[in-house]
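Undergrad: Give me coordinates for this.
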Amino acid sequence: MSGHSKFANIKHKKEKNDAKKGKIFTIIGREIVIAVKEGGPDPANNSKLRDVIAKAKANNMPNDTIERGIKKASSSSDSSNYERITYEGYGPAGIAIIVETLTDNKNRTAADVRSAFTKGGGNIGTPGCVSFMFDKKGQIIISKENYGGEADDLMMIALDAGAEDFQEEDEYYEILTDPDSFSEVRESIEKEGIEMDEADITMIPQTYVALTDETALKNLQRTLDLLEDNDDVQYVYTNLDD
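TA: You can find the predicted model right below:
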């Protein structure tokens, strides 16, 4: 088994409180649109849509909201046309940052992301400048509070379904998969009736960088806050060891 991936540090997570729900639902709503347009409105024939629906339910999105999103995205009158754009760059002290966006106006998004980097004392780089420092993985987090079974049983369910790695920490279990195996592993766990706290494709740093300078930390946090407040931004990944 590989070393712990520090899932809490992988991305600047969106908190599941009332103040953040609007942002989370916006993110998932756009992912529903993309999934439907790429693979159709029937979850039975669209594994990406099944994954997004599972994420929506994990974030307490109401079923009728999910269904309305699917119906709207599959309607011929829906003019939503989101484009996936990833930005890479450096924060203070060379901290690597990856920003994944879904946007209907790439000029606006590019300007906003660039501004967030600049205001935090960082800069956007060329495509690929930091992504080589990360591994793209499917990641499933299950809290021990929600799973009362034996760790070995959960591990065998995951590994038998094709997972690459299983880690047990103080309060949770972490399962890592190849991105192509993610849906199959997630669905195998779901079929066992096991609740998942997180289930998504993510970017995991190969190594972490410690940042102790208070000014640099404050500037990095400014960049992350500005990115999180931007509706076009889906996820932000860093190699910060915090």
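Undergrad: Tell me the secondary structure at K23.
TA: Here K23 is helix, with the state taken from DSSP: H, G, I helix; E, B strand; the rest coil.
Undergrad: Settle this for me: it is touching D231, isn't it.
TA: Yes - using C-beta atoms under 8 Å, K23 is in contact with D231, at 7.2 Å. Any C-beta I mention is one placed from the backbone N, CA and C, and that applies to glycine too.
Undergrad: Tell me which other helices or strands the longest strand along the chain touches.
TA: The strand that spans the most residues within the chain, counting by DSSP state E, is strand 134-143. If you count contacts as 3 or more C-beta pairs under 8 Å, 6 or more residues apart in numbering; DSSP states H and E, strand 134-143 packs onto helix 7-10, strand 172-177, helix 182-191, strand 198-205.
Undergrad: got the domain boundaries for this structure?
TA: Domain segmentation of the chain under automatic domain parsing yields 7-74, 83-132+206-241, 134-205.
Undergrad: could you redo those as JSON lines and give each row mean pLDDT and mean neighbour count?
TA: Formatted as JSON lines, the domains of the chain follow (pLDDT from 0 to 100; neighbours: other C-beta atoms under 10 Å):
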{"stretch": "domain 7-74", "mean pLDDT": "80", "mean neighbour count": "17"}
{"stretch": "domain 83-132+206-241", "mean pLDDT": "94", "mean neighbour count": "17"}
{"stretch": "domain 134-205", "mean pLDDT": "93", "mean neighbour count": "17"}
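Undergrad: so where does the closest residue to T26 other than its chain neighbours fall, helix or strand?
TA: Leaving aside its sequence neighbours, T26 sits nearest to D231 (C-beta to C-beta, 6 or more residues apart in numbering; 5.4 Å). Using DSSP states H and E, D231 sits in no helix or strand.
Undergrad: Phi first, then psi, for D231.
TA: Main-chain dihedrals, D231, degrees, to the nearest 10: phi -70, psi -20.
Undergrad: quick one, strands of this structure?
TA: Ranges of strands in the chain, per DSSP E, are 83-90, 96-103, 123-124, 134-143, 165-168, 172-177, 198-205, 209-210, 233-238, 240-241.
Undergrad: picking up where we left off before, how close does the residue nearest to T26 get to A56?
TA: 17 Å (C-beta to C-beta, to the nearest Å).
Undergrad: same thing with D229?
TA: D229 sits 21 Å away from A56, going by C-beta to C-beta.
Undergrad: what sits up against stretch 113-127?
TA: Residues outside stretch 113-127 that contact it (C-beta atoms under 8 Å, 6 or more residues apart in numbering): 86-92, 95, 97, 99, 101, 216, 219-224, 226-227, 230, 233.
Undergrad: do stretch 161-178 as well
TA: With C-beta under 8 Å, 6+ apart as the test, stretch 161-178 has contacts from 1-2, 4-5, 7, 137-145, 147, 151, 154-155, 158-159, 181, 184-185, 187-189, 197, 204.
Undergrad: ok, N107 - contacts?
TA: Counting by C-beta under 8 Å, 6+ apart, N107 touches no other residue.
Undergrad: do D229 as well
TA: Contacts for D229 were tallied using C-beta under 8 Å, 6+ apart; they are K23.
Undergrad: could you check the distance from it over to I95?
TA: For D229, the distance to I95 - C-beta to C-beta - is 19 Å.
Undergrad: now G128
TA: To I95, G128 is 17 Å away according to C-beta to C-beta.
Undergrad: Cheers, nothing more for now.
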